[in-house]
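>>> sequence and predicted structure below; questions after.
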Amino acid sequence: MDPRSTADAESRSTHLAERVRDGDPRAIARAMSLVEDDTAAGVELLRALFAHTGRARLIGITGPPGAGKSTLVDRLTREIRNENKRVGVLAVDPTSPFSGGAVLGDRVRMGRHFADSGVFIRSMATRGQLGGLARATTDLAQILDASGVDVVLIETVGVGQGEVDIAKSADVCVVVLAPGSGDEVQALKAGIMEIADLFVVNQSDRDGADHLVQAIMASQSLRPAEPGEWQPPILKTVATTGDGVAALWASIGRFLAQSPSSSTERRRTRHQHRLRELLAHRFLTSLEQALPAGELDKTVDRIAAREVDPYSAADALIARAFSRR
Ligand SMILES: Nc1nc2c(ncn2[C@@H]2O[C@H](COP(=O)(O)OP(=O)(O)OP(=O)(O)O)[C@@H](O)[C@H]2O)c(=O)[nH]1
Ligand SMILES: [Mg+2]
């Protein structure tokens, strides 16, 4: 590569990093696009910003489709803004058949915050990638963190493992359920009951809210807590009116204050996942570069034709790629 263009790229990303750190919303949006598109400039930027991260609290909001997560995120955002804290919102848009048009819906629901410079909102498409989604979410949260937001709210639909992983790796995980839709059964199946630090029974203005509270209590009694361990509280909210949201925010605060060690542990887990992912990605890239073009595809064809098993094929490819070095 032309050394001048490399130097240009570096100075551009340094400049962009500075603007991100100033909290410039256009710079934040640009930075996020560079990262989401998996560009070299995006990596350069994350590198430059990393030293300035670690301050923001990540709050995962997950639950079945339509439980009221976006409406709740909107209300929480207002609550947090009342304390004069800055908020970033990452809404992971499921392109799953469960939920249609979330991008537009989220935009409309979050509309009142668009003019507020203390709030930055970004919708992320899932694009079917799994590990990639968790990675992209972590990276975008880091950009927000470096830009000086105090809280990052991450909305994911708790339907797939990828989404559940994202919520789980936040500093606190809020599981939102709503009465009357068989949510508790669905949530149990998706494995999101185990990851809750707090439960929210939203839409508690509707019939069946108390029944749902009972069902959650019953599911929790199956796993008794150790003495001194945090017991996930069950909070009732009506996100459309804001009822119970102040109490929810207070409870989140209590969790964060009481469980610093679990928070440290989760941060470590996030870094661990990220490092392993990077290593796997880089390893595969250098493997591909070391092999003749088309070699991986040829091997796939041979596996499909049962000429070789995938285990021996993997060993052979690694031996071939790295023995010449
Ligand atoms: N009655 C009632 N309706 C609510 C409440 N909270 C949300 N809703 C409505 O429920 C619907 C779904 O709300 P959303 O906030 O979009 O739910 P979501 O969980 O973000 O949905 P997805 O992102 O599509 O999974 C909307 O029509 C809301 O107005 C509530 O507390 N009570
Ligand atoms: Mg939503």
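Cool, got the structure. Numbers count the residues shown, from 1 in each chain. Ligands and ions are numbered 1, 2, ... in the order given.
>>> how close does residue 36 get to ligand 2?
Going from residue 36 to ligand 2 by CB to the ion, to the nearest Å gives 19 Å. Just so you know, the C-beta spots here come from the backbone N, C-alpha and C atoms, and that holds for glycine as well.
>>> go on, residue 218?
Counting by CB to the ion, the gap from residue 218 to ligand 2 is 27 Å.
>>> and for that residue, the neighbour number?
If you count neighbours by other CB atoms under 10 Å, residue 218 ends up with 10.
>>> check residue 293 too.
Residue 293, neighbours per other CB under 10 Å, totals 9.
>>> helices or strands up against the lengthiest helix in the chain?
Using DSSP state H, we find that the single longest helix of the chain is helix 260-290. In this structure, helix 260-290 packs against helix 131-146, helix 161-169, helix 310-323, with contacts taken as 3 or more CB pairs under 8 Å, 6 or more residues apart in numbering; DSSP states H and E.
>>> in JSON lines, list those along with distance to ligand 1 and mean neighbour count.
Formatted as JSON lines, the helices and strands packed on helix 260-290 follow (distance: least, CB to the nearest ligand atom, whole Å; neighbours: other CB atoms under 10 Å):
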{"stretch": "helix 131-146", "distance to ligand 1": "15", "mean neighbour count": "22"}
{"stretch": "helix 161-169", "distance to ligand 1": "10", "mean neighbour count": "23"}
{"stretch": "helix 310-323", "distance to ligand 1": "37", "mean neighbour count": "13"}
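>>> which one of those helices lies closest to ligand 2?
Closest to ligand 2 of the helices and strands packed on helix 260-290 is helix 161-169 (CB to the ion; 11.8 Å).
>>> what about the closest one, average pLDDT?
Mean per-residue pLDDT for helix 161-169: 73.
>>> toward the C-terminus, what is the element adjacent to it?
strand 172-177 (DSSP states H and E).
>>> and that next one, what other elements does it pack with?
Checked by 3+ CB pairs under 8 Å, 6+ apart, strand 172-177 has strand 57-63, helix 183-190, strand 198-201, helix 245-258 packed alongside it.
>>> can you redo those as CSV with mean pLDDT?
Listed next are the helices and strands packed on strand 172-177 as CSV, based on pLDDT from 0 to 100:
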stretch, mean pLDDT
strand 57-63, 92
helix 183-190, 62
strand 198-201, 96
helix 245-258, 95
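>>> near ligand 1, which residues of the protein?
For the chain, the contact set with ligand 1 under CB under 6 Å from any ligand atom comprises 65-71, 99, 102, 105, 157, 202-203, 205-206, 238-240.
>>> those residues also near ligand 2: which ones?
Contacts with ligand 2 are made by 69, 70 out of those, judged by CB under 5 Å from the ion.
>>> in PyMOL, how would I select the buried members of the residues of the chain next to ligand 1?
Selecting only the buried entries of the residues of the chain next to ligand 1 in PyMOL, with 16 or more other CB atoms under 10 Å as the criterion:
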select buried, resi 65+67+68+69+70+71+102+105+157+202+203+238+239
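>>> among the residues of the chain next to ligand 1, which lie within strands?
residue 157 (DSSP state E).
>>> contacting residues around stretch 164-171?
Contacts of stretch 164-171 with the rest of the structure, by CB atoms under 8 Å, 6 or more residues apart in numbering, involve 57-62, 92, 133-134, 137-138, 154, 156, 158, 173, 175, 190-192, 195, 256, 263, 266-267, 269-270, 273.
>>> could you do stretch 199-206 as well?
Contacts with stretch 199-206, where a contact means CB under 8 Å, 6+ apart, come from 63, 67-68, 71-72, 174-180, 209, 212-213, 216, 232-241, 243-244, 248.
>>> buried only: go through these for me.
Buried among the contacts of stretch 199-206 (16+ other CB under 10 Å): 63, 67-68, 71-72, 174-179, 209, 212-213, 216, 232, 234-239, 244, 248.
>>> now the contacts of stretch 164-171: which count as buried?
Taking 16+ other CB under 10 Å as the criterion, what is buried in those is 57-62, 92, 133-134, 137-138, 154, 156, 158, 173, 175, 190, 192, 195, 256, 263, 266, 270, 273.
>>> if we can go back for a sec, just how off-centre is the longest helix of the chain within its chain?
Helix 260-290 sits 15 Å away from the centroid of its parent chain (CA atoms, centre = their mean, to the nearest Å).
>>> which elements pack onto the following helix or strand past it?
Using DSSP H and E, the helix or strand that follows helix 260-290 in sequence is helix 295-304. The contact analysis (3+ CB pairs under 8 Å, 6+ apart) places helix 295-304 against helix 310-323.
>>> so which other helices or strands are in contact with the helix it packs on?
If you count contacts as 3+ CB pairs under 8 Å, 6+ apart, helix 310-323 packs onto helix 260-290, helix 295-304.
>>> so who does residue 154 touch?
Listed by CB under 8 Å, 6+ apart, the contact partners of residue 154 are 58, 59, 60, 61, 89, 90, 92, 137, 141, 166, 167, 170.
>>> ok, so of those, who is nearest residue 288?
Among the contacts of residue 154, residue 137 lies closest to residue 288 (CB to CB), at 25.6 Å.
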